[in-house]
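> After the sequence you'll find the predicted model.
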Amino acid sequence: MRHFLDINKTDITELNKILDQANNTKSTRADLPKGTPDQEKPLAGKMVALIFEKPSTRTRVSFDMGVRQMGGQTMVLSGAEMQIGHGESIADTARVLSRYVDMIMIRTFAEATLLELAEYSDVPVINGLTDRSHPCQIMADIMTYQEKCGSILGKKVVWLGDGNNVCSSLLHAAGQFGFNLTFSGPQSLEPEVKSIAYARSKGSKVEIECDASKAVEGADLILTDTWLSMHDDQAARARRHNLLRPYQVNTELMKLANVDAIFMHCLPAHREEEVTSEVLDGPNSVVFDEAENRLHIQKSIMSWCFEK
Ligand code: CP
Ligand code: NVA
């Protein structure tokens, strides 16, 4: 049985297989109504539990649609309404759910919750975001980059703003797919040391450049994310905004990157905060393709989990 917990925990050969399969199914579905089932139905007869301890639009709808297209069924569960929200252990929850469902996708806070769920579950577990990582998002981003620009090997990728969970998964991907990553943001919000060390250990060049204008020089891909994540103390909003304002992605900054550089954002975006509408809706932005690819890559991840 396979779990999909993080990009650095999955072999690169398998990650590439997941990407190939996602591209194949995406192309066979082009122009079909969204509810049309796939020709192959690897999830036929299977029930997938989608557990959310945090809000979601993309993850929730794309997993739900993906399961349906692959012939399976879903139940969407809110963590607060489950007994895990009221003191039942994660291990017991995993043991119980394994008796009812064939796969679990969870969006949670502490990474420990995901890991404990996977440890005690007899069915595959997929990471739908924790405070530390968001691997499904970054797999969709890699798929989108390859689709638009070809291989990402050796490219210069720049992350602006908060070195958060999405940024950590991007560092894992830098190590696995062989691109270089420049982080530009305040020192207090630099990415996790472990993720940087992982990327470097795999030979990827990771640079920290606090000057956003210098950071984006020669960039092939620019990404940012919200200045305050769901797990952050919302009372820190004003202080965070003051710290992060110099790292807003705007047209002036995009002009300093390579002419054909593309812009990504996992969404939801806070327009005129971390990114201006001019960039988000501009010719270099691929954010809605990126969002669409969540569906295709996650279908591929789910069928990969069931392969063994
Ligand atoms: N990008 C992403 O995971 O979006 P949601 O929070 O809407 O799921
Ligand atoms: N960093 C954001 C990503 C949302 C998809 C968060 O964790 O809130």
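It's in. Numbering: from 1, shown residues only. Ligands and ions are numbered 1, 2, ... in the order given.
> Does residue 216 touch residue 258 like I think?
No: using C-beta atoms under 8 Å, residue 216 is not in contact with residue 258, being 9.0 Å away. The way it works is simple: take the backbone N, C-alpha and C, and place the C-beta from them, glycine included.
> Just want to know which of those two has more residues nearby.
The residue with more neighbours, out of residue 216 and residue 258, is residue 216; 23 against 17, by other C-beta atoms under 10 Å.
> Phi, psi for the residue nearest to residue 237 when sequence neighbours are not counted please.
Of all residues not flanking residue 237 in the chain, residue 228 sits nearest, at 5.7 Å (C-beta to C-beta, 6 or more residues apart in numbering). In terms of degrees, to the nearest 10, the main-chain angles of residue 228 are phi -140, psi 110.
> Please apply the same query to residue 286.
Backbone geometry at residue 286, expressed as degrees, to the nearest 10, gives phi -120, psi 30.
> What parts of the stretch 201-308 of the chain come near ligand 2?
Counting by C-beta under 6 Å from any ligand atom, the stretch 201-308 of the chain comes close to ligand 2 at 225, 226, 229, 230, 266.
> Just the ones of the residues you listed in helices?
Among those, no member falls in helices (criterion: DSSP state H).
> Ligand 1 contacts on the stretch 201-308 of the chain?
266, 267, 268.
> got it, and the stretch 1-150 of the chain?
Contacts of the stretch 1-150 of the chain with ligand 1, taken as C-beta under 6 Å from any ligand atom, map to 56, 57, 58, 59, 129, 137.
> Please verify my assumption that the fourth one contacts residue 129.
Meaning residue 59. Yes: contact criterion C-beta under 8 Å: residue 59 and residue 129 qualify, at 6.6 Å.
> Have a look at these two and say which one is more surrounded.
Comparing residue 59 with residue 129 by other C-beta under 10 Å, the one with more neighbours is residue 129, at 28 against 23.
> Neighbours of the residue lying closest to the more buried one once chain neighbours are set aside, how many?
Leaving out its chain neighbours, the residue that sits closest to residue 129 by C-beta to C-beta, 6+ apart is residue 107, at 4.7 Å. Burial measure for residue 107: 24 neighbouring residues, criterion other C-beta under 10 Å.
> that older thread, now rank the residues of the stretch 201-308 of the chain next to ligand 1 by neighbours and give me the top one.
For those, neighbours were counted by other C-beta under 10 Å; the highest total belongs to residue 266, with 27 neighbours.
> For that one, give me the pLDDT.
Reading off the confidence values, residue 266 has pLDDT 98.
> go on, residue 180?
Predicted confidence (pLDDT) for residue 180: 98.
> my read: it touches residue 171, true?
No: applying C-beta under 8 Å as the test, residue 180 and residue 171 come out as separate, 10.8 Å apart.
> Looking at these two, which has the bigger crowd around it?
Counting neighbours by other C-beta under 10 Å for residue 180 and for residue 171 shows that residue 171 has the greater number, 30 against 17.
> Which residue, other than its chain neighbours, is closest to that one?
Ranked by C-beta to C-beta, 6+ apart and with sequence neighbours excluded, the top spatial neighbour of residue 171 is residue 195, at 3.9 Å.
> Kindly report the same for residue 275.
Nearest non-adjacent residue to residue 275, counting by C-beta to C-beta, 6+ apart: residue 249, 4.4 Å away.
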